Each structure stands twice: as C-alpha cells, then as structure tokens.
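Participant: Sharing a model prediction with you, sequence too.
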Amino acid sequence: MVTKEERELKEKILEVVEAHGWHIHPKKDLTAHARRVVELGGICPCKQARTCPCPELWEDIEERGACICTMIVSDDYLQAWNYKKTKAERIRER
C-alpha cells in the first residue's frame with residue numbers, strides 16, 4: 001500500500017517532470033523510488049547528500065540528460081538509449 005507521503009512525493013516528482021517536458025525512466029519504478037526516499041527522510045537513495053527531487057536536477061539534466069539516479073530523464077537521453085517515452089498519466093496509475 002502506498003502511503004500519503006509516498007503519493008505526495010510521487011505527485012511532486014511528476015509535476016516537475018511534466019512542467020519541464022522530461023520523463024520518468026521507462027525501466028524505473030517511481031513508486032518504489034518514492035517509498036525509498038520517504039524511508040530515508042526525503043533523501044535521494046542514489047546520492048544521499050541530496051533531497052528528492054534535488055536542486056541539482058536541472059543541472060544534471062542539462063549536463064547528462066538525466067538526474068543522478070536516472071529516475072528523471074530528458075528526450076535526448078531516451079533517444080540516445082533508444083527508449084520509448086512514457087506518459088506521466090500511465091505512471092500515476094502504478
């Protein structure tokens with residue numbers, strides 16, 4: 001069962017993703033990621049010096065095409081790795 005905190009974090013991440021035209025990596029599980037972040041008190045499980053979504057997200061996307069944990073990716077990243085884009089609406093249903 002998804003907790004209120006996990007659901008709120010998932011929505012926050014999806015809002016950022018949608019606002020900037022980015023995507024959730026098609027092979028990543030946003031619900032599991034949100035659960036882990038909540039368990040860690042809001043800290044990114046991949047780079048524990050950061051919160052999630054982190055302030056460095058925009059810089060990471062610009063430089064690498066993805067955030068440090070590759071949960072959030074750009075169009076260019078998806079094209080470079082030949083992934084299909086996923087709709088945020090489908091992610092919300094998971």
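Facilitator: All right, it came through fine.

Participant: show me where the chain has helices.
Facilitator: For the chain, the helices defined by DSSP state H occupy 4-20, 30-39, 57-64, 75-80, 88-93.

Participant: Ok, which of the ones you listed comes nearest R50?
Facilitator: helix 57-64 (8.8 Å; C-beta to C-beta). (C-beta placed from N, C-alpha, C; glycine too.)

Participant: angle of the closest one against helix 4-20?
Facilitator: Here the directions of helix 57-64 and helix 4-20 differ by 50 degrees (axes from the mean of the first three to the mean of the last three C-alpha atoms, to 10 degrees).

Participant: can you give me how far helix 57-64 is from the chain middle?
Facilitator: 13 Å (C-alpha atoms, centre = their mean, to the nearest Å).

Participant: In it, which residues are buried?
Facilitator: Going by neighbour count (16 or more other C-beta atoms under 10 Å), the buried part of helix 57-64 is L57, D60, I61.

Participant: if I read this right, the first one contacts C67, doesn't it?
Facilitator: Yes - with contacts defined as C-beta atoms under 8 Å, L57 counts as touching C67 at a distance of 5.2 Å.

Participant: follow-up on the earlier one: least confident of the helices of the chain, on average?
Facilitator: Looking at the helices of the chain, the lowest mean pLDDT belongs to helix 88-93 (a mean of 52).

Participant: winner for burial among the helices of the chain?
Facilitator: Greatest average neighbour count among the helices of the chain goes to helix 30-39 (a mean of 19), per mean count of other C-beta atoms under 10 Å.

Participant: Report all helices and strands that that helix contacts.
Facilitator: If contacts are counted by 3 or more C-beta pairs under 8 Å, 6 or more residues apart in numbering; DSSP states H and E, helix 30-39 sits against helix 4-20.

Participant: For the helix it packs on, which outside residues touch it?
Facilitator: 2, 22-24, 30-31, 34-35, 37-38, 42, 52-53, 57-58, 61, 71-72, 88, 91-92 (C-beta atoms under 8 Å, 6 or more residues apart in numbering).

Participant: Quick check: bridge partners of the closest residue to G42 other than its chain neighbours?
Facilitator: Closest residue in space to G42, ignoring its immediate chain neighbours: T51 at 5.3 Å, by C-beta to C-beta, 6 or more residues apart in numbering. Beta bridges link T51 to I43 when assigned by DSSP bridges.
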